[in-house]
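Student: build me a model from this:
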Amino acid sequence: MQITDGFGTHLRRRQLLVARDRQNQGAAKMRPLRVDPQLARRFLDRTEGGRWGVTPRAFADALATSASRRFADHDPAPKELERYCESLHLADLVLATACAEGHDAAWEHFVREHRPILYRSADALDPAGGARDLADTLYADLYGLDDRGGSRRSLFRYYHGRSSLATWLRAVLAQRHVDRLRAQRRVEPLNDTDHEPPAPTSRLTSDPDCQRLLSLVTAALSRAISRLSARGRLRLASYYAQGLKLAEIGRLLGEHEATVSRQLARTRRALRQDIEHDLRHEMKLGDAEIAEGFRCAMNDAGPMDLSEILNAAEARKESPR
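Tutor: Residues are numbered from 1 along each chain as shown. The predicted structure follows:
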């Protein structure tokens, strides 16, 4: 399967070898934003968030953190900022904020509503029950048992409302499952048949124009991915960046394997069209340069780390690591 007529499979193979410890690097460059506490109060009233004990100031801070990731490249106008906040899963964000602050009622509600979802997701990843311990350790990280400097560090701090809380939890659990499988494979002995032939010399070392075109394709791909739905990005990341099989993604998202395959195919076609439009109308490339850029990507996608591209494409989206 391919993302843009050829280099998708190559990307996926390379992503299985790329470490994901760089996922958080983009968060360090967020632009600080401020959300009016009165706007936060209005959202709290709409979602009945007051029952969890979340103050307008605390929720305004949570909204500002989410918005800082979305608008890392510019300062939004007040109406633009308000529209972005309106688009969030506000009830889930209120609950996550309350849990991160240690409100018992919110935590009890979270456990009651989301523990079954996590366990079903764990059983989908490993029907033998081997992933349930990951769900249990995830609870500890969500609760924030790691005290430093006198304050709890909760994983909820990395949820920013861009997707539903259930989707985010499934993605975190799936990533931890993949990480464990990779760790297990690293300690397995290699057979003689496992050795691969050396990779061919990169075209980029001898073709500066190819390097330029590939950087433009990579940037266009990042922008195209950022315009996908949250579910579309999750499906794409699960297949290409995390290396999950179609059946595993189907269990994770509650979709049939054939549906996952069809949706990935549609996403690839949409990305191809979006990238071509971007290169032609924004980068002002001609047809020959666009075709050459895709050839460069297919022949040598070395600099294209899809984990990083997905991280940037979601406009500094929430990081579950």
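Student: which SSE is immediately downstream of the least confident helix or strand in the chain by mean pLDDT?
Tutor: The least trusted helix or strand in the chain, going by mean pLDDT, DSSP states H and E, turns out to be helix 7-15, with a mean of 47. Downstream of helix 7-15, the first helix or strand assigned by DSSP states H and E is helix 37-47.
Student: show me the strands in this protein, by range?
Tutor: 147-148, 151-152 (DSSP state E).
Student: grab the nearest non-local neighbour of I275.
Tutor: A220 (4.5 Å; Cβ to Cβ, 6 or more residues apart in numbering). From N, CA and C alone the C-beta is placed, and that goes for glycine too.
Student: let me fix that: T137
Tutor: Nearest non-adjacent residue to T137, counting by Cβ to Cβ, 6+ apart: R176, 8.0 Å away.
Student: wait, isn't A106 in contact with A58?
Tutor: No. With contact defined as Cβ atoms under 8 Å, A106 does not count as touching A58 (11.9 Å).
Student: who's more crowded, the two?
Tutor: Per other Cβ atoms under 10 Å, whichever of A106 and A58 has more neighbours is A106, with 23 against 19.
Student: what about that one, distance to A77?
Tutor: 33 Å (Cβ to Cβ, to the nearest Å).
Student: give me the neighbour count for G50.
Tutor: 14.
Student: which residues touch it?
Tutor: L44 (Cβ atoms under 8 Å, 6 or more residues apart in numbering).
Student: can you list the domains in this structure?
Tutor: 7-19+204-313, 25-113+136-165 (automatic domain parsing).
Student: ok, R41 - contacts?
Tutor: P56, F59 are the contacts of R41 under Cβ under 8 Å, 6+ apart.
Student: do the same with R180
Tutor: Listed by Cβ under 8 Å, 6+ apart, the contact set of R180 reads L134.
Student: what does H74 give?
Tutor: Under the criterion of Cβ under 8 Å, 6+ apart, H74 has no neighbours.
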